[in-house]
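S.K.: Need the 3D shape of this:
(chains A and B)
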Amino acid sequence: MKRADISRLVKDNIIIIALALPVILLTMTASGFMTVSNIKNIFIQISLYGIVAFAMTISIIGGEFDLSVSSLLGVVTILFTDIAKRVNVPVAILVCVSAGIVVGLINGFMVSKLKINAFVATLAMMLMLKGFALTYTNGRPINFPNPALNAFGNGDFLGMPNITLFFLGAFLITWYVLRNTKFGRNVYAAGGNLVVAKMVGINVDFYKTMLFVILGFATSVAGVLMAMRLSSGNTLFGGDLTMSVVAGVVIGGTSLSGGRGSAVKTFWGMLFIGVLFNGLQRLAVQANWQDVIKGSILIVVVSVDAILAQKIPLSQITTGRKRKEQISALPRDV
Amino acid sequence: MEVAARPKDSIKNRIVDILSNNAILFLMLLLVSVVAILYPRFLTLANFNNILNQISVIGCLACGMTFVLLIGCIDLSVGSMMSLIGIMAVTVANGGREWLAIILPILAAGAIGLIKGGIIAGVNGRLGESFITTYGAQSVLAALALIIQGGLFMMVTATGIFTRIGKGANPAYVFFALIVICQFILTKTSFGRKLLFVGSNPKAARLSGVNIKFYFLMAFMMCGLISGIAGVLLPSRVMSANPTAGTNYELEAIAACVVGGVSMKGGSGSFVNTLIGVIVIGVLSNSMNLLGLSSYPQMIVKGFVIALAFALDVVNKRRQMQRG
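M.R.: Predicted coordinates for the structure are as follows:
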């Protein structure tokens, strides 16, 4: 093994090394950290946000970004609780999933057809969704204690919490799609270099729209599960979703500049976030200080990512070994 | 040949041009006339004063935001910064030092802006990086505002100058003064011209010898200073400080700038645009209040107006490009 290979191996797996540090520290300082129940606890904590994180990974690899997921999660919990209460559960699930997909389609339309910057388009969407949620509920939470739903949301299957199974399912699907399908390849291509992707005939608008649809779908699934778990719908749910998810994705090593990253990286990144938040709770850090720490982590991580992105030559940004030379010969923004 | 080709489609094109370039203004005129017919009280001097009072604090924030937008970035943390500054100002003012309560928080806000600008300049960030780092900063500053006084709602017990600066038409005077000063800086000084240059094309600016990092720093510092002013005016006007007072104010400020015509791409726009946008948003909020819409549905309308303003901005740019 060459030295360069070793350094690359270290660089690619830096998150695992980074994860080891808090794990060792917490095992020593916080009692009851390294127990089966606490590890299960960490997975439960990251499962719902993790489902969104995998969709966000696809979207960030594709070079787009969505701020509106945090409001969408709240809207979905409200819609699910209210409709399950008034009509029935299957209708509620159907409505929530379609709502997620429709929001994704609108975001995708704004970004790919109207060419509005993704940050801005989803910012406007965030405001509209929050306004919708507050109007719908008049700012009050909706409660619907249903034993069957609650049992599903909090239940176990073969020793694994149900929501963690959804998390692992999302992980496997994302991993497979990004690695082994045409769709995944084209997402990497569109995120790595939009101009080249257009030149080789990829329908970029379709892929950009799909990124948002996938995010909307994943968020609605997470929202439905969250509403089942907590037996209530609330505008405030998901307030720190965007922050936690983006921090997890970027800590894992998926770059915000697009075209690089993987589901495995996000898995480790979310685990890192989970361990960190769990540690903060175990060490009894006050909630407001936790927000300070979360926000600071996001700032640091994004700054480091931006610096690294400028140092990495273009040839490493896209996947696919043979195409590397051809793509590197082209200027990045024509 | 260009000139010969134009007259043919000029009248139709010109009308479409005027309509689409000023679509927001026309929509506002429509809204104003509808509301004025339904509610005669809308077109009174008292209501005009009312609108002025409502827009001045948001106007100051929008003024600061314009600097950041002109350089091609965004700052999502000005709302929570305003909450933090308000708490700081009231804490100091209630301690008896009222002049200090005005100056110190504004300087602190400038320093926070400088830190944000330092991060963005340090990582060579543009819109994307500034979006996410200031999103993180929003959470940090909002949490700090809650930590400082234990999340308590604070009444102003001071009686001197601090309580007077936000009374009556004073915030409106501050707002108009800021617009005039900033517009002067932007159009008549080399600093302002270079700021626009860096905003429209940072690469070209760097290659022609402009220290672009300095301009990023300065834009964020100006934004910080001016949102500090807004943060001091608000508690003085309402005689209390709330650790969540500034929530969502940043969105209103961004909406005002963009509706007025400041481009998100950087380098295009002026403080006159901001002034127009602030008035449009103010009239919109006021009409919705008169129509009896509560603040929750108003959020939906404002979100829609932001999206519409951006869509129109993009459509207009594209048409200009096509026609040369």
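
S.K.: A:L72 contacts A:G216, doesn't it?
M.R.: Yes - between A:L72 and A:G216 a contact is recorded at 6.7 Å, counting by C-beta atoms under 8 Å. Backbone N, C-alpha and C define where each C-beta goes, glycine included.

S.K.: where along the stretch 151-300 of chain A do the strands fall?
M.R.: Ranges of strands within the stretch 151-300 of chain A are A:156-157, A:160-161, A:232-233, based on DSSP state E, counting those that start in this stretch.

S.K.: Of all residues in chain A, which one is nearest the centre?
M.R.: A:A53 (1.6 Å; C-alpha atoms, centre = their mean).

S.K.: Sticking with it, tell me its helix or strand.
M.R.: Assigning secondary structure by DSSP states H and E places A:A53 in helix A:36-61.

S.K.: In which helix or strand does the residue in chain A positioned nearest to chain B reside?
M.R.: Chain B sits closest to A:G131 of chain A, with a gap of 2.8 Å, by C-beta to the nearest C-beta. Using DSSP H and E, A:G131 falls within helix A:118-137.

S.K.: what angle sits between that helix and helix A:36-61?
M.R.: 120 degrees (axes from the mean of the first three to the mean of the last three C-alpha atoms, to 10 degrees).

S.K.: re earlier: can you point out the buried residues in the helix holding A:A53?
M.R.: A:41-61 (16 or more other C-beta atoms under 10 Å in any protein chain shown).

S.K.: With stretch B:226-243 instead?
M.R.: For stretch B:226-243, by 16+ other C-beta under 10 Å, it's B:226-237, B:239, B:241-243.

S.K.: Mind checking which of those residues land in helices?
M.R.: Cross-referencing the buried residues of stretch B:226-243 against helices under DSSP state H gives B:226-237.

S.K.: between the residues you listed, which is nearest chain A?
M.R.: Nearest to chain A among these, with distances taken as C-beta to the nearest C-beta, is B:S227, at 17.3 Å.

S.K.: Give the burial count for the spatially closest residue to the closest one that is not a sequence neighbour, as a bare number.
M.R.: Distances taken as C-beta to C-beta, 6 or more residues apart in numbering or on different chains put B:V78 closest to B:S227, at 4.3 Å, once the chain neighbours are dropped. B:V78 sits with 36 neighbouring residues when counted by other C-beta atoms under 10 Å in any protein chain shown.

S.K.: Residue in the stretch 151-300 of chain B with the shortest distance to chain A?
M.R.: Closest point on the stretch 151-300 of chain B to chain A, by C-beta to the nearest C-beta, is B:M299, at 2.8 Å.

S.K.: So which elements touch the helix holding A:A53?
M.R.: For helix A:36-61, the contact count by 3 or more C-beta pairs under 8 Å, 6 or more residues apart in numbering or on different chains; DSSP states H and E identifies helix A:69-86, strand A:160-161, helix A:162-180, helix A:182-192, helix A:204-230, helix A:241-252, helix A:263-282 as packing neighbours.

S.K.: and the fourth one, anywhere near chain B?
M.R.: Read it as helix A:182-192. No - figure legend: helix A:182-192 not in contact with chain B (C-beta under 8 Å from any C-beta of the partner chain); closest approach 12.7 Å.

S.K.: Provide the contact partners of that helix at residue level.
M.R.: Here helix A:182-192 makes contact (C-beta atoms under 8 Å, 6 or more residues apart in numbering or on different chains) with A:58, A:60-64, A:177-178, A:196-197, A:200, A:202, A:204, A:207-208, A:210-211, A:258-260, A:317-320, A:327.

S.K.: In it, which residues are buried?
M.R.: For helix A:182-192, the buried set under the neighbour-count rule, 16+ other C-beta under 10 Å, comprises A:184-192.

S.K.: contacting residues for the residue nearest to the centre of chain A?
M.R.: A:A53 touches A:245, A:248-249, A:266, A:269-270, counting by C-beta under 8 Å, 6+ apart.

S.K.: So what touches the helix or strand harbouring B:G199?
M.R.: Per DSSP H and E: B:G199 is located in helix B:190-200. With C-beta under 8 Å, 6+ apart as the test, helix B:190-200 has contacts from B:67, B:70-72, B:185-187, B:204-205, B:210, B:212, B:215-216, B:218-219, B:265-268.

S.K.: Can you give me the buried ones in that helix?
M.R.: B:192, B:194-200.

S.K.: what's the answer for stretch A:80-100, then?
M.R.: Using 16+ other C-beta under 10 Å as the burial criterion, the residues of stretch A:80-100 that qualify are A:80-85, A:89, A:92-93, A:95-97, A:99-100.

S.K.: rewinding a little: okay, and the common contacts of A:L72 and A:G216?
M.R.: A:100, A:103.

S.K.: ok, now which ones touch the residue positioned nearest the centre of chain B?
M.R.: By C-alpha atoms, centre = their mean, chain B has its centre lying nearest to B:A62, at 1.1 Å. Residues in contact with B:A62 (C-beta under 8 Å, 6+ apart) are B:252-254, B:256-257, B:274, B:277-278.

S.K.: Quickly find the element holding it.
M.R.: Using DSSP H and E, B:A62 falls within helix B:45-70.

S.K.: tell me the average confidence for stretch B:30-44?
M.R.: Per-residue pLDDT values over stretch B:30-44 give a mean of 84.

S.K.: That one spans what distance, first to last residue?
M.R.: 18 Å (C-alpha to C-alpha, to the nearest Å).

S.K.: Tell me where the stretch 101-250 of chain B has helices.
M.R.: Using DSSP state H, counting those that start in this stretch, the helices assigned to the stretch 101-250 of chain B run over residues B:127-148, B:161-164, B:170-188, B:190-200, B:202-207, B:212-238, B:249-260.

S.K.: Name the residues of the stretch 201-334 of chain A found near chain B, please.
M.R.: Proximity of the stretch 201-334 of chain A to chain B, by C-beta under 8 Å from any C-beta, involves residues A:240, A:242-243, A:246, A:256, A:286, A:288-292, A:294-299, A:302-303, A:306-307, A:310.

S.K.: Just the buried ones out of those, please.
M.R.: Applying a neighbour-count criterion of 16+ other C-beta under 10 Å, the buried members of these are A:240, A:242-243, A:246, A:256, A:288, A:290-292, A:294-295, A:297-299, A:302-303, A:306.

S.K.: What parts of the stretch 101-250 of chain B come near chain A?
M.R.: Looking at chain A, the residues of the stretch 101-250 of chain B close enough under C-beta under 8 Å from any C-beta are B:119, B:122-125, B:127-129, B:131-133, B:135-140, B:142-144, B:146-147, B:151, B:248.

S.K.: where are the low-confidence patches of the chain?
M.R.: With no chain named, the answer covers chain A. A:1, A:311-334 (pLDDT under 70).

S.K.: Wait, chain B was what I had in mind.
M.R.: If you take pLDDT under 70 as the line, chain B has these spans: B:1-9, B:323-324.

S.K.: Longest helix in it, please.
M.R.: Assignment by DSSP H; longest helix in chain B turns out to be helix B:295-323.

S.K.: Identify the residues contacting the closest residue to A:L134 other than its chain neighbours.
M.R.: Among residues not flanking A:L134 along the chain, B:Y296 sits closest, at 3.9 Å (C-beta to C-beta, 6+ apart). By C-beta under 8 Å, 6+ apart, B:Y296 lies in contact with A:131, A:134-135, A:138-139.

S.K.: redo that, cut-off 7 Å
M.R.: Contact analysis of B:Y296 by C-beta atoms under 7 Å, 6 or more residues apart in numbering or on different chains lists A:131, A:134-135, A:139.

S.K.: Among the residues you listed, name the buried ones.
M.R.: A:131, A:134-135.

S.K.: out of the residues you listed, which one sits closest to B:I179?
M.R.: Of all the buried ones among the contacts of B:Y296, A:G131 has the smallest distance to B:I179: 28.7 Å, by C-beta to C-beta.
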